[in-house]
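Novice: quick one, fold the following:
(4 chains)
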2 protein chains.
Amino acid sequence: MPIPDPAPSPTQCSSCQQRHVCLPSGMGVSDTLPLDKLGLKRRRVQTGQTLYRAGDEFHFMYAVRSGTFKSDLQLADGRTQVSGFHMSGELMGLDGIADGRHASSSSALEDAEVCAIPYASLLELAGGSCGNSGLRHAINRLLSREIVREHSLMVMLGSMNAEERLASFLLNLSQRLVARGYSASEFHLRMSRAEIGSYLGLKLETVSRTFSAFQQQRLLEVDKRHIRITDISGLQRAFELQVH
Amino acid sequence: MPIPDPAPSPTQCSSCQQRHVCLPSGMGVSDTLPLDKLGLKRRRVQTGQTLYRAGDEFHFMYAVRSGTFKSDLQLADGRTQVSGFHMSGELMGLDGIADGRHASSSSALEDAEVCAIPYASLLELAGGSCGNSGLRHAINRLLSREIVREHSLMVMLGSMNAEERLASFLLNLSQRLVARGYSASEFHLRMSRAEIGSYLGLKLETVSRTFSAFQQQRLLEVDKRHIRITDISGLQRAFELQVH
DNA sequence: CGTGGCCTTGAAGAATCTCAAATAATGTGG
DNA sequence: CCACATTATTTGAGATTCTTCAAGGCCACG
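Specialist: Next up is the predicted model:
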């Protein structure tokens, strides 16, 4: 029962609150202004609703305006693996450029809103002014950043134990929340234990046990999805890879 | 004892053997021709030598002309994790765009040769003709493909057991070799058990044991680094994720 | 022919998973 | 507003997979 999206007024990148983390990030003002010409449409997505599915034709990248998303990959046998959580200012759907179809699915973990960025227009804009290398570089950088983000994920999955993975996950969340003006030490998880587990390559029971272990070590206070980090540096120690 | 690189004559993309898999891949001829203007320099890299290191300033992307490379990520404690193996036509160094420094290191597993692609020139070329959206799209697609490639790695590391990982690795290798005109079923591994293990998130002993297990199951014949796949579809079954 | 690197194999140990059950939180329909 | 079904989370105990430690073999190379 998808509810038709209302169509709010177009959005200007140059005056957007998220411009420092979003698409315009790192671009000079002169490069940012042309982005306003895109006349980005917004779209609301309710909790649990899907923004796009793996296999869908790729036409838009999406920038999170508010709320939280998860993206997941489909495995051959139908199961899924969470490949990322996305908060305001972060871009989603970059994997669709590769072959014109989305390679992952994205759905909202809470009521959310996105900007839909038409890829074709962006491509045009990046060359149209016959010298907008700032925008071209910015786009490349965004894609490259996604590669780097996945690098750390690979390291996590390939070389870390359960405690290191969860600590790394929480510290990363904390960092991104701070960048958005929220508390570094106290926050509400938008995702379930199962989703965290899928993301970290662990079973949900292991995630739950590791939360309990951190609590016993007085690193965290955990009340369901409410987290309070009581010992950040201790957590950072847990995150540092142990030498075996 | 690095040996100074000879400087062979510049290379033309439009007439290159690798053009169908490399940078020009998927571009029309009209988009490919301008690439020749880059006047790409080649560089020889001997077995074991490093092409670039994590932290080095990023100026070039590299296309493999011949030979095989591995790239690896540095962990906080100094250890490394292999993040990819690269063969002819494949691009390396894309993670450096993100912040102007290489995020991984690359070294040759056998004597090799690369084309060095100056990023700045490429950026210029992508807009200079005031309408070269084909090239812009091609660059984005290359970056996006790298994202998709890392997706499958993440699935492998997050959801597969040792047999599935090794089977998936061998089948992927086989596929890429076929695309280059080599045998699908018989090939020589350029990397050690330890390097395979690092890539697959396994210890070298586990890799070795899994090779032995495949041999006992009559899926492979293994003689050190020489591999003969005797039952491709059996291997594909092992690769398909088991439903537990 | 000895040395070092790489690979294989065994046995014991550790980490994580599976299965199971209890509890808490949430939503539903009456 | 309550009874009930459903979902999320925690925790325990045993099974499984992978790792660790250790030893030995093979091969290339000086």
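Novice: ok, the residue lying closest to residue A:95 once chain neighbours are set aside - contacts?
Specialist: In space, and not counting its chain neighbours, residue A:95 is closest to residue A:103: 4.1 Å by CB to CB, 6 or more residues apart in numbering or on different chains. Backbone N, C-alpha and C define where each C-beta goes, glycine included. With contacts defined as CB atoms under 8 Å, 6 or more residues apart in numbering or on different chains, the neighbours of residue A:103 are A:54, A:73, A:95-96, B:147-148, B:151.
Novice: try 6 Å
Specialist: Applying CB atoms under 6 Å, 6 or more residues apart in numbering or on different chains to residue A:103 gives the contacts A:54, A:95, B:148.
Novice: what ranges do the strands span in chain A?
Specialist: Taking DSSP state E as the test, the strands found in chain A are A:41-45, A:50-52, A:60-66, A:69-74, A:80-86, A:91-92, A:105-108, A:112-118, A:186-188, A:220-223, A:226-229.
Novice: okay, and the beta partners of the residue positioned nearest the centre of chain A?
Specialist: Compute the mean C-alpha point of chain A, and by CA atoms, centre = their mean the closest residue is residue A:86, 2.2 Å away. Beta bridges link residue A:86 to residue A:69, judged by DSSP bridges.
Novice: quick check, it in contact with residue A:92.
Specialist: Yes: with contacts counted by CB atoms under 6 Å, residue A:86 reaches residue A:92, the gap being 5.4 Å.
Novice: what angle separates the longest helix seen in chain A from helix B:133-159?
Specialist: Secondary structure assigned by DSSP state H gives helix A:133-159 as the longest helix of chain A. For helix A:133-159 against helix B:133-159, the angle by axes from the mean of the first three to the mean of the last three CA atoms, to 10 degrees is 20 degrees.
Novice: for helix A:133-159, packing partners?
Specialist: Under the contact criterion of 3 or more CB pairs under 6 Å, 6 or more residues apart in numbering or on different chains; DSSP states H and E, helix A:133-159 touches strand B:80-86, helix B:119-128, helix B:133-159.
Novice: can you point out the buried residues in it?
Specialist: A:133-151, A:153-159 (16 or more other CB atoms under 10 Å in any protein chain shown).
Novice: up against chain B, what does chain A have?
Specialist: A:73, A:75-77, A:81, A:95, A:97-98, A:103, A:123, A:126-127, A:130, A:133, A:136-137, A:140-141, A:143-148, A:150-151, A:153-155, A:157-159, A:201, A:240-241, A:243 (CB under 6 Å from any CB of the partner chain).
Novice: quick check: residue A:204 vs residue A:196, distance?
Specialist: 8 Å (CB to CB, to the nearest Å).
Novice: quick one: which of those two has more around it?
Specialist: Between residue A:204 and residue A:196, counting by other CB atoms under 10 Å in any protein chain shown, residue A:196 is the more crowded of the two (24 against 14).
Novice: tell me the confidence at the more buried one?
Specialist: At residue A:196, the pLDDT value in this model is 98.
Novice: skipping adjacent residues, who's closest to it in space?
Specialist: Per CB to CB, 6+ apart, closest to residue A:196 is residue A:207, 5.1 Å.
Novice: cool, residue A:50 as well?
Specialist: In space, residue A:50 is closest to residue A:107, 4.6 Å off (CB to CB, 6+ apart).
Novice: same question, residue A:236
Specialist: Nearest one to residue A:236, counting by CB to CB, 6+ apart, is residue A:171 at 6.5 Å.
Novice: pLDDT value on that neighbour, please?
Specialist: On the pLDDT scale, residue A:171 gets 96.
Novice: measure it to residue B:149 for me?
Specialist: 27 Å.
Novice: likewise residue A:201?
Specialist: Note on residue A:201: its distance to residue B:149, by CB to CB, is 18 Å.
Novice: so what's residue A:203 up against?
Specialist: residue A:197.
Novice: phi first, then psi, for it.
Specialist: Note on residue A:203: backbone dihedrals following degrees, to the nearest 10 are phi -80, psi 160.
Novice: any idea of the pLDDT on it?
Specialist: With respect to pLDDT, residue A:203 has a value of 97.
Novice: quick one, what contacts residue A:238?
Specialist: So residue A:238 contacts A:163, A:167 (CB under 6 Å, 6+ apart).
Novice: what do you get for residue A:93?
Specialist: So residue A:93 contacts A:61-62 (CB under 6 Å, 6+ apart).
Novice: any idea of the pLDDT on it?
Specialist: Listed pLDDT for residue A:93 reads 97.
Novice: equivalent analysis for the one 3 residues further on, please.
Specialist: For residue A:96, the model assigns a pLDDT of 97.
Novice: which non-adjacent residue is nearest it?
Specialist: Nearest non-adjacent residue to residue A:96, counting by CB to CB, 6+ apart: residue A:58, 3.0 Å away.
Novice: got it, and residue A:85?
Specialist: Among residues not flanking residue A:85 along the chain, residue A:70 sits closest, at 5.3 Å (CB to CB, 6+ apart).
Novice: tell me how many other residues crowd that neighbour.
Specialist: Residue A:70 has 23 neighbouring residues, counting by other CB under 10 Å.
Novice: next, the buried residues of stretch A:114-130.
Specialist: By 16+ other CB under 10 Å, the buried positions in stretch A:114-130 come out as A:114-119, A:121-123, A:125-128.
Novice: residue contacts, residue A:199?
Specialist: Residues near residue A:199 by CB under 6 Å, 6+ apart: residue A:82.
Novice: quick one: it from DNA strand C, how far?
Specialist: 12 Å (CB to the nearest atom of the strand, to the nearest Å).
Novice: and for residue A:193?
Specialist: Taking CB to the nearest atom of the strand, one finds residue A:193 at 11 Å from DNA strand C.
Novice: number of nearby residues for that residue?
Specialist: Using other CB under 10 Å, residue A:193 has 19 neighbouring residues.
Novice: for the helices and strands packed on helix A:133-159, which one sits closest to DNA strand D?
Specialist: helix B:133-159 (10.6 Å; CB to the nearest atom of the strand).
Novice: what angle do the closest one and strand B:60-66 make?
Specialist: Going by the same axes, to 10 degrees, helix B:133-159 makes 80 degrees with strand B:60-66.
Novice: Serialize the contacts of residue A:103 to CSV and add fields for distance to residue B:37.
Specialist: Output for the contacts of residue A:103, formatted as CSV (distance: CB to CB, whole Å):
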residue, distance to residue B:37
A:54, 38
A:95, 30
B:148, 29
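Novice: how is chain A carved up into domains?
Specialist: Listed domain ranges for chain A are A:13-149, A:160-239 (source: automatic domain parsing).
Novice: comparing these, which comes out most buried?
Specialist: domain A:13-149 (a mean of 19; mean count of other CB atoms under 10 Å in any protein chain shown).
Novice: how long is that one end to end?
Specialist: End-to-end distance of domain A:13-149: 24 Å, with CA to CA, to the nearest Å as the criterion.
Novice: is that domain up against DNA strand C anywhere?
Specialist: No: using CB under 7 Å from any atom of the strand, domain A:13-149 stays clear of DNA strand C, coming no nearer than 9.5 Å.
Novice: and that domain, is it in reach of DNA strand D?
Specialist: No: applying CB under 7 Å from any atom of the strand, one finds domain A:13-149 separated from DNA strand D by no less than 9.8 Å.
Novice: run the chain-centre distance for that domain.
Specialist: Relative to its chain's centre, domain A:13-149 lies at 10 Å (CA atoms, centre = their mean, to the nearest Å).
Novice: also stretch A:175-182?
Specialist: 13 Å.
Novice: again, but for stretch A:222-236
Specialist: Per CA atoms, centre = their mean, the centroid offset for stretch A:222-236 relative to its chain is 21 Å.
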